[in-house]
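> Sequence and computational prediction follow.
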Amino acid sequence: MRKAYVIADCLSDDNKREIKKTAGECGFDVAFFDTEAEASGKVSDAEVVYCNGPTLFKEMPGLRWCHSMFAGVGHFLASGAFEGGGIILTNSSGAYGLVISEYVIMATLMLMRRIPEYEEIIDRREWTQNLPIRSIAGSSIAIIGTGNIGSNAALRYKALGAERVTGFSRSGRPAEGFDEVYKIDDYEKVMFRESFDVLMLCVPGTAESKGLLNRERLAVLSEKTLVINVGRGTVIDQDALIYALNEGVIAGAALDVVYPEPLPEDSPLWTAKNLILTPHISGDMGLPYTVDITVDIFCDNLRRYARGKSLTHVVDTTAGY
């Protein structure tokens, strides 16, 4: 019987039942493992795998399709396993819009309400009040990346009263939730013309996006701008961001992604001013809604795969997403 393996520790019993039922209908026997260590040595006959990393690919000589439970697949591509085109890679793009956009709103409100600064005040056991604060209502938002995560964030900013939400993408095509969308090539022109309260980044980590927010592009931001990155750490020139924070070039930042990860203990990023730093948890799989969608994507594609139909969410291994 054809074999499929699921290597993930975040699935509910309902998730497993759905996958098992779908697999049976498609002529697959499926086995579940919580960890790669548990699965090691037991997956040599895999044709299909649902997992969060490529570590065990060397043990799967017959692998034909891998579904990533994540939207970002840089670590899969870096393994080299997909260079020959013999293995299809699909991702869970579309599953993370809700959970990550809620993180973005949380971080925006924390920075606008000066929470990092109040935490420092409390740590000093002082009782200072009335720091000037801002609101999302009436604010101007810029988002680099207008896909599922960017659109979800745009809609939530608008729901909280943002006056304008401007998007930047490779194509410049209109997208849901945005008042206007420009090509990334127009960034400097737009930034010189307008003053944004928030600049959010949610683009994948590719060779093209590396250093996208560099020293020059940071320099054209307003001193009131807050930078929020939930894409990949490599998208921002980290040294330039640290300078911008410490010198007051921008008002603050929230980073859920950095480079390298984990962040070294001696990194100056730890002590940068007015920074919210989290360990890549904005798309936390602890939210059942997110896991349910990744499972739905996998099950739908498993039906397609078994019938010889084209899969959805196929990663362009050249583009990196």
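Now that the structure is in, tell me what you want to look at.

> Show the residue spans covered by the helices in the protein.
Remark: helices assigned in the chain by DSSP state H are 13-25, 36-39, 74-78, 97-112, 115-123, 148-159, 187-193, 215-219, 238-246, 288-306.

> Name the residues of the longest one that come out as buried.
By 16 or more other Cβ atoms under 10 Å, the buried positions in helix 288-306 come out as 290-299, 301-302, 305-306. All C-beta atoms are positioned from the backbone trio N, CA, C, and that covers glycine.

> One more: the shortest one?
Neighbour-count burial for helix 36-39, with 16+ other Cβ under 10 Å as criterion, is recorded at 36, 39.

> returning to what we had before: out of the helices of the chain, flag the one nearest Ala4.
helix 13-25 (5.5 Å; Cβ to Cβ).

> Could you check that closest one and say which residues are buried?
15, 18-20, 22-23.

> what does stretch 228-242 give?
So, applying 16+ other Cβ under 10 Å, buried residues of stretch 228-242: 228-238, 240-242.

> from those, which is closest to Gly72?
Arg232 (6.7 Å).

> State the distance from the nearest residue to the closest one once chain neighbours are set aside to Glu83.
Ranked by Cβ to Cβ, 6 or more residues apart in numbering and with sequence neighbours excluded, the top spatial neighbour of Arg232 is Gly205, at 3.0 Å. Distance, Gly205 to Glu83, using Cβ to Cβ, to the nearest Å: 18 Å.

> Settle it for me: which of these two has more neighbours?
A direct count of neighbours by other Cβ atoms under 10 Å for Gly205 and Glu83 places Gly205 higher, at 22 against 10.

> List the residues that contact the more buried one.
By Cβ atoms under 8 Å, 6 or more residues apart in numbering, the contact set of Gly205 is 72, 74, 231-235, 320.

> Closest to the centroid, which residue in the protein?
Residue closest to the mean C-alpha point of the chain, counted by Cα atoms, centre = their mean, is Gly231 at 4.5 Å.

> these two touch, right, it and Thr206?
No. Using Cβ atoms under 8 Å, Gly231 makes no contact with Thr206, being 10.1 Å away.

> With just CA atoms, put stretch 63-71 into PDB.
Listed in PDB are the C-alpha atoms of stretch 63-71, where the atom choice follows Å, rounded to 0.1, in the frame of the first residue of the first chain:
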ATOM      1  CA  LEU A  63       9.600  10.600  -1.700                       C
ATOM      2  CA  ARG A  64       7.500  12.300  -4.400                       C
ATOM      3  CA  TRP A  65       5.600  15.000  -2.500                       C
ATOM      4  CA  CYS A  66       6.300  17.000   0.600                       C
ATOM      5  CA  HIS A  67       3.700  19.300   2.200                       C
ATOM      6  CA  SER A  68       5.100  21.900   4.600                       C
ATOM      7  CA  MET A  69       3.000  22.800   7.600                       C
ATOM      8  CA  PHE A  70       4.600  26.300   7.300                       C
ATOM      9  CA  ALA A  71       4.100  29.000   4.700                       C
END
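
> so how far is that stretch off the chain centroid?
When distances are taken as Cα atoms, centre = their mean, to the nearest Å, stretch 63-71 is centred 17 Å away from the chain's centroid.

> buried stuff in it?
So for stretch 63-71, counting by 16+ other Cβ under 10 Å, buried means 63, 65-71.

> Take these and keep only those in strands.
Of the buried residues of stretch 63-71, the ones assigned to strands by DSSP state E are 65-68.

> OK, contacts around Thr278?
So Thr278 contacts 103, 254-256 (Cβ under 8 Å, 6+ apart).

> Right, I'll leave it there.
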